[in-house]
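> need a structure here:
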Amino acid sequence: MGDVRDGVIGVWRVGWSGRLMGYVLAVGPAGGALSAWLGVLSHPGMQSVGSAGIASAVALGFGLFAWWVLLRVRLELTTDLIVMVNPWGTQRLPWSCVSAVSLGNWGAQFHSTDGFTYSAYALSGLAGGTRQDERFADVRRIVDAQLHSAHPL
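I've put the predicted structure just below:
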């Protein structure tokens with residue numbers, strides 16, 4: 001908790017199993033597209049080129065999906081604010097607006113002083129494929145220190 005670099009207190013990403021699934025979703029179809037283009041070299045023709053083009057489009061779609069839903073998702077706690085990068089958007093929440101944090105089905109939930117709740121998908125069980133209790137305990141410890149300490153991190 002005392003290790004703050006460049007204003008960043010901590011960063012959490014989707015668990016290792018979720019990241020592995022993201023890479024498989026991105027690399028698997030890309031390998032298929034590469035194979036299709038190598039097939040074009042050995043059997044040139046419009047049909048081969050068309051198949052390789054479709055395989056490339058599918059690979060691009062899978063790669064973008066994996067990146068957007070699993071690989072770019074993160075929770076950053078900085079000295080000034082909380083940054084939640086989720087598949088549905090990015091939220092930035094200043095510490096002064098946070099009243100509490102809890103663990104919900106969609107990840108860590110930051111409760112704001114105006115009654116809204118913001119979720120950090122990077123700490124959800126669905127995103128990591130594992131229980132997130134230990135990771136959430138680290139987040140809760142930092143949030144409690146930021147909210148209840150006269151000397152924030």
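
> going forward, measure contacts and count neighbours with C-alpha atoms only.
Fine.

> what's the weakest-modelled helix or strand in the chain?
Sorted by mean pLDDT, DSSP states H and E, the helices and strands of the chain end with helix 125-128, the least confident at a mean of 56.

> beyond that one, next helix or strand please.
Sequence-wise, the next helix or strand downstream of helix 125-128 (DSSP states H and E) is helix 133-148.

> quick check: buried residues in that following helix?
Using 16 or more other CA atoms under 10 Å as the test for burial, helix 133-148 gives 136, 139-140, 142-143, 146-147.

> low-confidence ranges, this structure, go.
Applying pLDDT under 70 to the chain flags the ranges 1-4, 125-131, 150-153.

> all strands of it, in order?
8-13, 74-78, 81-86, 89-94, 98-104, 107-112, 117-120 (DSSP state E).

> for these, which one sits closest to Tyr23?
Checking those against Tyr23 by CA to CA gives strand 8-13 as the closest, at 13.9 Å.

> packing partners of that closest one?
On a contact count with 3 or more CA pairs under 8 Å, 6 or more residues apart in numbering; DSSP states H and E, strand 8-13 meets strand 74-78.

> hey, what's the angle from the strand it packs on to strand 8-13? Just curious.
170 degrees (axes from the mean of the first three to the mean of the last three CA atoms, to 10 degrees).

> send over strand 74-78 as CSV, restricted to the C-alpha atoms.
Listed next in CSV are the C-alpha coordinates belonging to strand 74-78 (Å, rounded to 0.1, in the frame of the first residue of the first chain):
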residue,chain,number,x,y,z
ARG,A,74,-8.8,-2.9,-15.7
LEU,A,75,-9.3,-1.1,-12.4
GLU,A,76,-6.8,1.6,-11.5
LEU,A,77,-6.6,3.3,-8.1
THR,A,78,-4.6,6.5,-8.3
